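# using only what follows, build the 3D model:
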Amino acid sequence: MLMRGLFVLILMAVSLLIGVTLFEKIAITIIGFSLLAAIALLLYLLARQTAIYTIGLCGCLMDLALLSVLPVIWYNSVGGNSVPPSFMLKTQITDVTLVMMVLNALALRPLYPLVITAGGIAIHAALLTYALTDPRTIVSPDFVAEAFSSALKVDLVLVNMFILALVGAILAAFTLGARRTLMQGVKLEVTNAQMNRYFSPGVAATISEDADQVRGVGGRTQDVAVLFSDIRDFTTLTERLQPSDVVSFLSDYHSRMLDEIFAHGGTIDKFIGDAIMVTFGTPNPAHDDAERAVRAALAMNKALADLNAERRNSGLPDIRHGIGIHFGPVIAGNIGTKDRLEYTVIGDTVNVASRIQDACKAVGTSLLISEAVKARQPVDIETEPLPDRKVKGRAEPVQLHAVVEPTASA
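Numbers count the residues shown, from 1 in each chain. Presented below is the predicted three-dimensional model:
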């Protein structure tokens with residue numbers, strides 16, 4: 001629309017500078033300001049995102065209305081009824097039509113240049129028919145006679161109409177290709193934005209470079225570290241809050257936890273209410289997945305301590321959470337249908353990690369890990385073994401370890 005307004009302003013300026021008669025200048029000025037007012041209204045509607053496609057078509061109709069009026073104005077400026085109507089086809093109507101076709105193609109809507117093309121050809125055909133029905137019109141095959149007199153060279157007009165059709169088809173094809181490319185780019189950006197919500201920046205960049213590994217239904221078996229985090233007494237904490245306050249509360253908590261998870265290369269598998277399921281080693285496993293999971297959990301506890309300090313200053317109760325981590329084989333990949341996929345991990349390792357997190361309540365600690373995770377920790381991460389514990393869904397007891405929180409001096 002802005003380009004259309006600029007074109008109208010240029011047309012008005014040119015007409016005022018080189019216009020032959022006062023009638024031409026006044027007519028162009030009145031029509032120009034009317035079009036600018038209409039364009040301003042359409043821009044207002046566009047800003048409100050109201051019927052965007054219809055507004056574009058209205059702009060095309062405005063262009064065609066201008067194309068229809070211009071030959072008449074120019075014809076009257078050179079004598080009107082005192083000269084043959086063939087002069088209508090000797091104006092710059094073809095050039096103006098081509099410019100309008102290009103401007104409408106910039107909207108990347110193939111229909112727009114096609115509408116201008118069809119309308120421009122129809123206007124040329126109507127002018128040619130009108131000129132041929134006038135007895136004063138002289139038809140001549142001579143190009144010189146056509147250029148320097150009132151004679152009309154019909155095949156030249158037909159060539160101009162063919163050029164309009166050809167250029168219109170090319171612009172429509174180009175616009176369609178450009179639009180598809182743009183939509184693919186937008187879709188890719190949306191996909192990348194979605195990935196950045198669940199994957200750490202480094203992992204998201206890896207997936208963007210090799211998207212085939214997370215495309216399509218299916219998965220692969222691999223070892224990963226699975227972390228579950230859950231807020232304790234969440235219902236009690238939020239029972240007196242409004243729904244919007246609950247959302248704000250969770251958003252604040254989750255954002256702080258995600259900062260630490262992403263900082264250690266974790267992947268958000270899903271949010272389950274106030275709980276968070278995280279994996280370390282998806283989509284690509286690394287030798288230190290279990291270590292990074294524990295370090296992320298320790299950082300999450302530190303972030304929660306900082307958050308609680310802020311809450312206490314505001315007279316709010318502390319938040320407590322429990323974190324459980326297990327390491328083992330899972331099936332990682334896209335689960336669902338081709339129309340609705342979720343990249344996730346499934347398997348016994350996931351269930352055990354969830355049960356370890358549940359065990360935090362009974363043990364009275366905020367961070368528990370399995371023996372498989374403990375075996376993959378460096379010496380600087382201290383743990384305390386706990387008695388073997390039965391967890392729901394497992395016949396054999398699970399060896400648990402409590403991770404010792406580092407002191408401030410450490």
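# and the helix or strand harbouring Thr181, how far out from the chain's middle?
Thr181 belongs to helix 154-198 when assigned by DSSP states H and E. Mean-position distance between helix 154-198 and its chain equals 18 Å (C-alpha atoms, centre = their mean, to the nearest Å).
# by contact count, what packs against it?
helix 93-105, helix 111-133, helix 201-209, strand 267-272 (3 or more C-beta pairs under 8 Å, 6 or more residues apart in numbering; DSSP states H and E). Every C-beta, even on glycine, is put in place using the N, C-alpha and C of the backbone.
# rank these by pLDDT, which is bottom?
Among these, helix 201-209 carries the lowest mean pLDDT, a mean of 55.
# biggest strand in the chain by residues?
For the chain, the strand with the greatest residue count under DSSP state E is strand 321-336.
# report the mean per-residue pLDDT for that one.
88.
# now do stretch 352-363
91.
# could you list the residues in contact with it?
Contacts with stretch 352-363, where a contact means C-beta atoms under 8 Å, 6 or more residues apart in numbering, come from 226-230, 232, 275, 277, 322-326, 328, 366-370, 386, 389, 391-394, 398, 400, 402.
# from Leu241, how far out is Val144?
In this view, Val144 and Leu241 are 87 Å apart by C-beta to C-beta, to the nearest Å.
# if we can go back for a sec, next step: the contacts of stretch 352-363 restricted to strands.
Per DSSP E, the contacts of stretch 352-363 map to strands at 226-230, 275, 277, 322-326, 328, 367-370, 400, 402.
# helices and strands of this protein: which one bottoms out on pLDDT?
When the helices and strands of the chain are scored by mean pLDDT, DSSP states H and E, helix 201-209 comes last with a mean of 55.
# which stretches of the stretch 201-350 of the chain aren't confidently modelled?
For the stretch 201-350 of the chain, the stretches flagged by pLDDT under 70 are 201-218, 336-341.
# recalculate using a threshold of 80.
Applying pLDDT under 80 to the stretch 201-350 of the chain flags residues 201-219, 333-343.
# so which helix or strand takes in the closest residue to Val226 other than its chain neighbours?
Closest residue to Val226 apart from its sequence neighbours, by C-beta to C-beta, 6 or more residues apart in numbering: Ala353 at 3.9 Å. Assigned by DSSP H and E, Ala353 belongs to helix 348-363.
# same deal with Val345?
With DSSP H and E as criterion, Val345 is part of strand 341-346.
# tell me the angle that strand makes with strand 267-272.
For strand 341-346 against strand 267-272, the angle by axes from the mean of the first three to the mean of the last three C-alpha atoms, to 10 degrees is 100 degrees.
# show me what strand 341-346 is packed up against.
strand 267-272, strand 321-336.
# partners of the longest one in the sheet?
The partner list of strand 321-336 in its sheet, established with DSSP bridges, is strand 218-231 (antiparallel), strand 341-346 (antiparallel), strand 367-370 (parallel).
# out of the ones you listed, deepest packed?
strand 367-370 (a mean of 27; mean count of other C-beta atoms under 10 Å).
# give me the distance from that one to the chain's centre.
Counting by C-alpha atoms, centre = their mean, strand 367-370 is centred 40 Å from the centre of its parent chain.
# ok, residues contacting it?
Strand 367-370 is contacted from outside by 294, 297-298, 301, 322-327, 352-353, 356-357, 359-360, 377, 383, 386, 398-403, 405, using C-beta under 8 Å, 6+ apart.
# give me the buried subset of the residues you listed.
Buried residues within the contacts of strand 367-370, counting neighbours by 16 or more other C-beta atoms under 10 Å: 294, 297-298, 301, 322-327, 352-353, 356-357, 359-360, 377, 383, 398, 400-403.
# now Ala107, nearest residue through space, not along the chain?
Nearest one to Ala107, counting by C-beta to C-beta, 6+ apart, is Gly56 at 5.9 Å.
# check which helix or strand covers the one you found.
Going by DSSP H and E, Gly56 is in helix 52-77.
# next one: that helix to chain centre, how far?
Put simply, helix 52-77 sits 33 Å off its chain's centre (C-alpha atoms, centre = their mean).
# which positions in it come out as buried?
For helix 52-77, using 16+ other C-beta under 10 Å, the buried residues are 55-56, 58-60, 62-64, 66-68, 70-71, 73-77.
# mean confidence for it?
For helix 52-77, mean pLDDT is 77.
# report all helices and strands that it contacts.
helix 2-18, helix 22-47, helix 93-105, helix 111-133.
# tell me which of the ones you listed lies nearest to Pro317.
Each of these was scored for nearness to Pro317 using C-beta to C-beta, and the closest is helix 22-47 (45.5 Å).
# so for that closest one, what's the average pLDDT?
Mean predicted confidence for helix 22-47 is 70.
# likewise for stretch 172-182?
The average pLDDT within stretch 172-182 is 87.
# give the buried residues for it.
Buried, per 16+ other C-beta under 10 Å, within stretch 172-182: Ala172, Thr175.
# repeat that for stretch 376-391.
Counting neighbours by 16+ other C-beta under 10 Å, one finds that the buried residues in stretch 376-391 are Arg376, Gln377, Ile381, Thr383, Arg389, Val391.
# distance check, the closest residue to the third one other than its chain neighbours against Leu367.
For Ile381, the nearest residue in space outside its immediate sequence neighbours is Val294; the separation is 5.9 Å by C-beta to C-beta, 6+ apart. Summarising the geometry, the distance separating Val294 from Leu367, computed by C-beta to C-beta, is 8 Å.
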